[in-house]
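Visitor: sequence plus the predicted model coming up.
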Amino acid sequence: MTTEVENKTTIEFNKNEDKMKLRIARMNQKLEKIHLGGGQEKIEKLHRKGKMTARERISYLIDEASESVEIGAFAGEGMYEEYGGCPSGGVVVVIGYVSSRQCIIVANDATVKAGAWFPIAAKKNLRAQEIAMENRLPIIYLVDSAGVFLPMQDEIFPDKEHFGRIFRNNAVMSSMGITQISAIMGSCVAGGAYLPIMSDEAMIVEKTGSIFLAGSYLVRAAIGEDIDNETLGGATTHCEISGVTDYKCKDDKDCLDRIKNIMDKMGHFEKAGYNRKEPAPPQFPENEIYGLIPDKREKPYDMKEVIKRLVDESKFEEYKALYGKSIICCYARIDGWAVGIVANQRKVVKSKKGEMQFGGVIYSDSADKAARFIMNCNQKKIPLLFLQDVTGFMVGSRSEQGGIIKDGAKMVNAMSNSVVPKFTIIIGNSYGAGNYAMCGKAYDPRLIFAWPTAEMAVMGGEQAAKTLLQIQVSAMKAKDEEISAEKEKELLDTITQRYKRQMLPYYAAAHLWVDAIIDPAETRKAISMGIEAANHAPITKQYNVGIIQA
């Protein structure tokens with residue numbers, strides 16, 4: 001494979017690099033604020049009680065100097081402002097290593113409304129359990145929660161994907177043989193009490209941990225019994241009398257050390273068997289991606305140059321290189337793991353007929369190629385990585401007559417029925433049906449990440465805003481309302497600002513449409529850890545693309 005080394009001295013490259021670094025700096029500033037949870041005062045209050053914060057607990061629990069990936073750090077961003085906000089959804093979720101065993105850790109943040117469960121907190125916990133179930137990863141719960149946030153109980157309590165689903169998942173994971181360990185390190189009340197006790201093993205911290213279906217105030221109101229919380233549901237009660245919990249711990253560190261000891265004794269189970277060789281770094285540094293991605297998204301760039309910064313030795317084997325050029329399909333390795341990459345090409349290329357094809361659009365030939373490649377990866381048991389920068393499928397009479405819908409359906413079908421693990425990185429645009437075909441959230445990627453340059457929407461902001469404006473103006477005219485040019489411009493500006501805000505990666509991350517926003521230079525690590533996690537779960541289904549054959 002010939003390598004075209006990007007000229008890193010060009011003004012364009014340097015401008016792109018500066019803009020990307022600025023985006024990353026803004027992301028890190030947001031994260032610093034989020035990591036404070038409910039604020040420094042609440043953190044100090046926990047410390048005075050002899051308790052660690054959720055993030056301190058996770059930091060102590062995971063292996064020193066080991067890699068980790070946080071899931072849903074931006075969950076709840078900009079939401080629930082009438083209640084003071086809910087940083088990180090009031091719960092911290094991390095994929096990391098405990099006693100050299102990869103696992104997922106879920107820790108309630110007691111600095112955020114005493115760890116109460118907002119709707120987004122339930123969604124985030126369910127996502128953590130989904131990751132554990134899909135990948136057969138052990139899951140550790142560090143419980144410190146006041147229970148459901150009552151002002152929003154109707155949005156968290158009764159539905160299928162609400163609070164109760166968490167306990168259903170506890171039972172399902174137990175039947176699947178997935179290890180669940182719980183530590184009661186603070187309050188654990190009402191329905192929330194079932195989570196740790198439906199785990200395989202539960203431990204409780206003396207004096208700070210408590211678990212009961214109803215606290216002392218409610219007990220007094222309900223049956224007139226006068227009792228304190230420690231006697232009602234503290235460590236002594238549940239370790240020595242009720243037998244509800246298995247281990248009595250003197251403090252947070254003792255509790256976390258016990259979890260480490262348990263994880264250290266676990267046996268190993270059957271693996272999926274994905275191919276891995278000795279990892280090798282790319283020939284070109286990963287952070288050179290900063291200068292490759294244009295700040296203005298209408299500008300083209302060569303996705304192959306991005307791939308060279310992601311894969312081992314910058315080497316890849318391209319499938320059907322001369323056909324369907326608006327999608328790149330190739331075999332490569334990332335941190336030693338074999339992967340099949342499906343990526344939107346943003347470079348201006350020429351078709352066989354000499355027409356100019358602008359990247360980011362999926363054409364019939366590209367969709368057909370991608371469908372066949374996805375089937376090949378399933379046949380060979382190779383995990384799939386989708387690199388999204390897509391504006392959608394090609395439209396117009398020529399495309400319709402050429403069967404774009406049929407070819408698009410082939411690609412969606414092949415991708416939807418994939419049995420090998422799929423991972424998605426949203427690099428730039430993620431619009432309309434392009435989001436779907438390139439394995440958006442609805443298509444069960446094991447992990448889906450966005451770069452700070454990502455945008456997600458049904459269509460581009462300018463087109464969508466003008467369409468919405470036409471609808472609103474028509475409705476106003478139907479009511480015989482006069483629309484001046486100034487009023488129309490004001491409406492367009494308002495609609496555009498709202499729509500563009502909803503396209504931002506932070507909006508998507510707040511609603512958990514993506515698992516995390518990551519620094520592009522962290523992509524190799526994130527994908528490698530994702531494939532390692534997936535390797536814990538052997539494939540149990542046969543690949544079948546259904547009625548639409550590619």
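Guide: Cool, got the structure.

Visitor: can you pull out the low-pLDDT segments for the stretch 151-300 of the chain?
Guide: 191 (pLDDT under 70).

Visitor: tell me the first helix or strand C-terminal of the worst-scoring helix or strand of the chain on mean pLDDT.
Guide: When each helix and strand of the chain is scored by mean pLDDT, DSSP states H and E, strand 356-357 comes last, with a mean of 54. Per DSSP states H and E, strand 356-357 leads on to strand 361-362 as the next helix or strand towards the C-terminus.

Visitor: direction included, what does that following strand pair against?
Guide: Here strand 361-362 is paired, per DSSP bridges, with strand 392-393 (parallel).

Visitor: stretch 169-180: which residues count as buried?
Guide: Neighbour counts over stretch 169-180 (16 or more other Cβ atoms under 10 Å) mark 169, 170, 173, 178, 179, 180 as buried. From N, CA and C alone the C-beta is placed, and that goes for glycine too.

Visitor: nope, stretch 198-209 is what I meant
Guide: 198, 199, 200, 201, 202, 203, 204, 205, 206, 208, 209.

Visitor: which ones among the residues you listed lie within helices?
Guide: Among these, DSSP state H puts none in helices.

Visitor: Throw these into CSV and include distance to residue 382, thanks.
Guide: Shown next, in CSV, are the buried residues of stretch 198-209 (distance: Cβ to Cβ, whole Å):
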residue, distance to residue 382
198, 36
199, 35
200, 33
201, 37
202, 40
203, 41
204, 45
205, 45
206, 50
208, 48
209, 46
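
Visitor: still on that earlier bit, ok, which pair from the buried residues of stretch 169-180 is furthest apart?
Guide: Greatest spatial distance in the buried residues of stretch 169-180: 169 and 179, 13.9 Å, computed using Cβ to Cβ.

Visitor: residue 512 belongs to a strand?
Guide: No. Counting by DSSP: H, G, I helix; E, B strand; the rest coil, residue 512 is located in no strand; its state is coil.

Visitor: correct me if wrong: it contacts residue 77.
Guide: No. Using Cβ atoms under 8 Å, residue 512 is not in contact with residue 77; the gap is 10.5 Å.

Visitor: which helices and strands does the longest helix along the chain pack with?
Guide: Longest helix in the chain by number of residues, with DSSP H as the criterion: helix 11-34. Packing partners of helix 11-34 (3 or more Cβ pairs under 8 Å, 6 or more residues apart in numbering; DSSP states H and E): helix 289-292.

Visitor: so which elements touch the helix it packs on?
Guide: helix 11-34, helix 303-308.

Visitor: spit out the contact partners of residue 27.
Guide: Residue 27 sits next to 452, 517, 519 when contact means Cβ atoms under 8 Å, 6 or more residues apart in numbering.

Visitor: any idea how far residue 424 is from it?
Guide: Residue 27 sits 19 Å away from residue 424, going by Cβ to Cβ, to the nearest Å.

Visitor: repeat for residue 498
Guide: Relative to residue 424, and taking Cβ to Cβ, residue 498 is found at 26 Å.

Visitor: cool, residue 217 as well?
Guide: From residue 217 over to residue 424 the distance is 47 Å, taken as Cβ to Cβ.

Visitor: the more surrounded of the two?
Guide: residue 424 (26 against 9; other Cβ atoms under 10 Å).

Visitor: neighbours around the closest residue to residue 347 other than its chain neighbours, how many?
Guide: Excluding the flanking residues, the one nearest residue 347 by Cβ to Cβ, 6 or more residues apart in numbering is residue 302, at 4.3 Å. Using other Cβ under 10 Å, residue 302 has 18 other residues around it.

Visitor: in three-state terms, label residue 426 for me.
Guide: Residue 426 ends up strand, using three-state DSSP.

Visitor: out of the buried residues of stretch 169-180, which is nearest to residue 136?
Guide: residue 178 (5.7 Å).

Visitor: show me what contacts that closest one?
Guide: Neighbours of residue 178 in contact, by Cβ under 8 Å, 6+ apart: 132, 133, 136, 137, 138, 139.

Visitor: those, buried ones only, as a PyMOL selection?
Guide: Listed next is the PyMOL selection for buried residues among the contacts of residue 178, using 16+ other Cβ under 10 Å:
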select buried, resi 132+133+136+137+138+139
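
Visitor: farthest-apart pair in the contacts of residue 178, please.
Guide: Across the contacts of residue 178, the longest distance by Cβ to Cβ is 11.6 Å; it joins 133 and 138.

Visitor: low-confidence regions, the stretch 401-550 of the chain specifically.
Guide: 401-403, 459-466, 468-469, 546-550.

Visitor: tell me where it has helices.
Guide: Assigned by DSSP state H, counting those that start in this stretch, the stretch 401-550 of the chain shows helices spanning 404-416, 432-437, 461-478, 485-503, 505-510, 523-534.

Visitor: Throw these into a markdown table and include distance to residue 144 and mean neighbour count, thanks.
Guide: Converted to a markdown table, these look like this (distance: least, Cβ to Cβ, whole Å; neighbours: other Cβ atoms under 10 Å):
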| stretch | distance to residue 144 | mean neighbour count |
| --- | --- | --- |
| helix 404-416 | 39 | 21 |
| helix 432-437 | 37 | 21 |
| helix 461-478 | 41 | 14 |
| helix 485-503 | 33 | 14 |
| helix 505-510 | 23 | 22 |
| helix 523-534 | 25 | 22 |
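
Visitor: in a markdown table, list those helices along with distance to residue 224.
Guide: Shown next, in a markdown table, are the helices of the stretch 401-550 of the chain (distance: least, Cβ to Cβ, whole Å):
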| stretch | distance to residue 224 |
| --- | --- |
| helix 404-416 | 58 |
| helix 432-437 | 58 |
| helix 461-478 | 59 |
| helix 485-503 | 52 |
| helix 505-510 | 45 |
| helix 523-534 | 51 |
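
Visitor: residue 31: which of the ones you listed is closest?
Guide: That would be helix 505-510 among the helices of the stretch 401-550 of the chain, by Cβ to Cβ, at 10.9 Å.

Visitor: packing partners of that closest one?
Guide: Here helix 505-510 touches strand 447-450, strand 455-457, strand 516-517, going by 3+ Cβ pairs under 8 Å, 6+ apart.

Visitor: can you rerun that using 10 Å?
Guide: If you count contacts as 3 or more Cβ pairs under 10 Å, 6 or more residues apart in numbering; DSSP states H and E, helix 505-510 packs onto helix 11-34, strand 422-431, strand 447-450, strand 455-457, helix 485-503, strand 516-517.

Visitor: now the fourth one, how far from the chain's geometric center?
Guide: In this case it means strand 455-457. Strand 455-457 sits 15 Å away from the centroid of its parent chain (Cα atoms, centre = their mean, to the nearest Å).

Visitor: again with the last one
Guide: Its chain's C-alpha centre lies 6 Å from the corresponding centre of strand 516-517 when counted by Cα atoms, centre = their mean.
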